[in-house]
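*Asks:* How does the following fold in three dimensions:
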Amino acid sequence: MRIIASEKHELHHPSTELYGGQLVAPFERVDRWRYVAEALAEAGHQPAEDPGPVDLRRVGRIHTQPYLTLLAEAWDEWKAAGHQGEAIPSILPVPGFRRIEPRDIEGRLGHFCLAVETSIMSGTWEAACSSAAVALRSADLVAGGDEAFALCRPPGHHATADQYGGYCFLNNAAIAAQSLLDGGASRVAVVDVDFHHGNGTQHIFYDRDDVLFVSLHGDPADAFPHFSGYADETGSGAGEGFNRNYPMAPGTGYDEWAEALDDGLGQVIRYQPDALVVSLGVDTFERDPISFFKLASADFTDYGARIGRLGLPTLFVLEGGYAVEEIGINVAAVLDGYLNR
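*Replies:* Next up, the predicted model:
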């Protein structure tokens with residue numbers, strides 16, 4: 001399996017996250033990437049390959065230009081306005097407000113933000129672009145007949161076409177899926193096994209029938225992002241029936257989770273896609289600090305094998321996982337199960 005990664009992820013290293021009413025050290029941090037890279041090397045995978053520069057025209061197939069402009073300009077405008085800390089908006093256009101883009105940078109950030117726990121700093125834009133480049137290079141490899149793992153950081157599945165949050169700025173999985181379609185695939189399936197619902201990916205493809213989106217996640221009544229991921233969200237228009245959510249309760253163990261996975265993979269089989277993108281978050285782990293599922297490390301090997309038995313050209317894209325010392329072990333377990341199916 002080809003491993004694609006970029007050292008530029010280190011340019012995004014914010015010191016603050018709003019959590020539990022306090023500014024704390026972010027759960028999504030630089031050493032998550034390092035633990036994964038080290039675990040893959042120890043498992044015998046080939047050294048990671050650099051993706052090269054990002055092609056923003058391909059990113060623009062998913063994200064709107066005003067949104068990309070905001071991400072590129074946000075830090076410089078924030079500092080020019082005299083703000084001392086990292087860029088975090090204090091107001092969002094909730095229902096009752098007009099959804100317009102203000103001139104002031106605080107208002108601009110709020111316009112394009114869906115969750116204010118996520119800070120922007122000087123290197124955020126370049127790091128996000130490098131993460132998208134990792135996804136695009138990996139998609140190109142899969143289109144050419146390889147299997148690939150995109151070691152993306154920052155993650156992406158919470159980013160919509162025009163909003164960031166949940167540690168996500170550019171939706172790497174959606175960018176990869178669109179790239180596969182643009183490269184000749186007729187249908188692509190995205191299976192999101194991160195603990196948190198992939199609201200951004202759902203939002204992007206909700207009215208389309210050329211991408212099947214399947215997500216297994218904590219019930220949004222109890223878990224972030226709270227306002228997306230319910231079972232009755234099945235798509236709209238041409239996309240009706242091509243969106244499938246499996247929300248699960250606190251304390252869910254592997255037997256119940258695997259039953260949902262098998263049902264979701266059955267949806268994939270019936271859809272008959274040309275390729276599969278897996279949003280691989282390992283925050284379903286039993287000791288993850290911001291999640292509530294109870295999967296053990298051995299379970300990751302098993303479900304990797306279940307995915308592998310589909311026999312589809314497959315791209316894995318790293319999303320969440322915040323039990324940092326185990327993140328690499330669990331990612332490597334999924335890939336081991338997949339490769340040794």
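*Asks:* Which parts of the stretch 151-300 of the chain are helices?
*Replies:* Using DSSP state H, counting those that start in this stretch, the helices of the stretch 151-300 of the chain run over 172-182, 199-205, 254-271, 297-308.
*Asks:* Leu109 belongs to a strand?
*Replies:* No. Per DSSP: H, G, I helix; E, B strand; the rest coil, Leu109 lies outside any strand segment and is helix.
*Asks:* Name all residues that make contact with it.
*Replies:* By C-beta atoms under 8 Å, 6 or more residues apart in numbering, the residues touching Leu109 are 70, 74, 78, 87-89, 120. (Glycine included, C-beta is placed from N, CA and C.)
*Asks:* hmm, which two among those residues are most spread apart?
*Replies:* Spanning the widest gap among the contacts of Leu109 are Leu70 and Ile88, at 14.1 Å by C-beta to C-beta.
*Asks:* Now do Asp255 against His12, distance only.
*Replies:* 37 Å (C-beta to C-beta, to the nearest Å).
*Asks:* Tyr35 is in contact with Glu325, correct?
*Replies:* Yes. Contact criterion C-beta atoms under 8 Å: Glu325 and Tyr35 qualify, at 6.6 Å.
*Asks:* Tell me which of these two has more neighbours.
*Replies:* Tyr35 (20 against 9; other C-beta atoms under 10 Å).
*Asks:* list the contacts for the nearest residue to that one once chain neighbours are set aside?
*Replies:* Distances taken as C-beta to C-beta, 6 or more residues apart in numbering place Gly328 nearest to Tyr35, at 3.9 Å, with adjacent residues excluded. Contact analysis of Gly328 by C-beta under 8 Å, 6+ apart lists 35-40.
*Asks:* at 6 Å what do you get?
*Replies:* By C-beta atoms under 6 Å, 6 or more residues apart in numbering, the contact set of Gly328 is 35-36, 38-39.
*Asks:* Need the residues you listed in a markdown table (columns: pLDDT).
*Replies:* Formatted as a markdown table, the contacts of Gly328 follow (pLDDT from 0 to 100):
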| residue | pLDDT |
| --- | --- |
| Tyr35 | 98 |
| Val36 | 98 |
| Glu38 | 97 |
| Ala39 | 98 |
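*Asks:* Tell me the buried residues within the residues you listed.
*Replies:* Neighbour counting with 16 or more other C-beta atoms under 10 Å marks 35-36, 39 as buried within these.
*Asks:* between these, which is nearest Gly198?
*Replies:* Of the buried ones among the contacts of Gly328, the one sitting nearest to Gly198 (C-beta to C-beta) turns out to be Val36, at 19.2 Å.
*Asks:* Check which helix or strand the residue nearest to the closest one when sequence neighbours are not counted maps to.
*Replies:* Excluding its sequence neighbours, the residue lying closest to Val36 (C-beta to C-beta, 6+ apart) is Gly328, at 4.5 Å. Following DSSP states H and E, one finds Gly328 within helix 324-339.
*Asks:* Kindly report the same for Val116.
*Replies:* Counting by DSSP H and E, Val116 is found in no helix or strand.
*Asks:* and it, what does it touch?
*Replies:* The contact partners of Val116, taken as C-beta under 6 Å, 6+ apart, are 18, 88-89.
*Asks:* okay, now the nearest residue to Pro66 once chain neighbours are set aside: neighbour count?
*Replies:* Leaving aside its sequence neighbours, Pro66 sits nearest to Glu101 (C-beta to C-beta, 6+ apart; 6.6 Å). By the measure other C-beta under 10 Å, the count of residues near Glu101 is 15.
*Asks:* I'd say Glu101 and Phe112 touch.
*Replies:* No. Contact status for Glu101 versus Phe112: not in contact, 7.8 Å apart, counting by C-beta atoms under 6 Å.
*Asks:* Need the overlap of contacts for these two.
*Replies:* Shared contacts of Glu101 and Phe112, defined by C-beta under 6 Å, 6+ apart, are not found at any residue.
*Asks:* can you redo the contacts of Gly328 as JSON lines with secondary structure and distance to Asp146?
*Replies:* Putting the contacts of Gly328 into JSON lines (DSSP: H, G, I helix; E, B strand; the rest coil; distance: C-beta to C-beta, whole Å) gives the following:
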{"residue": "Tyr35", "secondary structure": "helix", "distance to Asp146": "24"}
{"residue": "Val36", "secondary structure": "helix", "distance to Asp146": "19"}
{"residue": "Glu38", "secondary structure": "helix", "distance to Asp146": "23"}
{"residue": "Ala39", "secondary structure": "helix", "distance to Asp146": "21"}
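*Asks:* now the residue nearest to Val36: how far from Asp31?
*Replies:* Using C-beta to C-beta, Gly328 is found at 10 Å from Asp31.
*Asks:* try Gly239
*Replies:* To Asp31, Gly239 is 38 Å away according to C-beta to C-beta.
*Asks:* now Ala150
*Replies:* Going from Ala150 to Asp31 by C-beta to C-beta gives 19 Å.
*Asks:* Nearest to Gly218, out of the contacts of Val116: which one, please.
*Replies:* Once C-beta to C-beta is applied, the member of those that ends up nearest Gly218 is Leu18, at 19.7 Å.
*Asks:* Near the residue nearest to Tyr303 when sequence neighbours are not counted, how many other residues are there?
*Replies:* Once flanking residues are discounted, Tyr303 sits nearest to Leu261: 5.8 Å by C-beta to C-beta, 6+ apart. Leu261: 20 surrounding residues under other C-beta under 10 Å.
*Asks:* Good, wrapping up.
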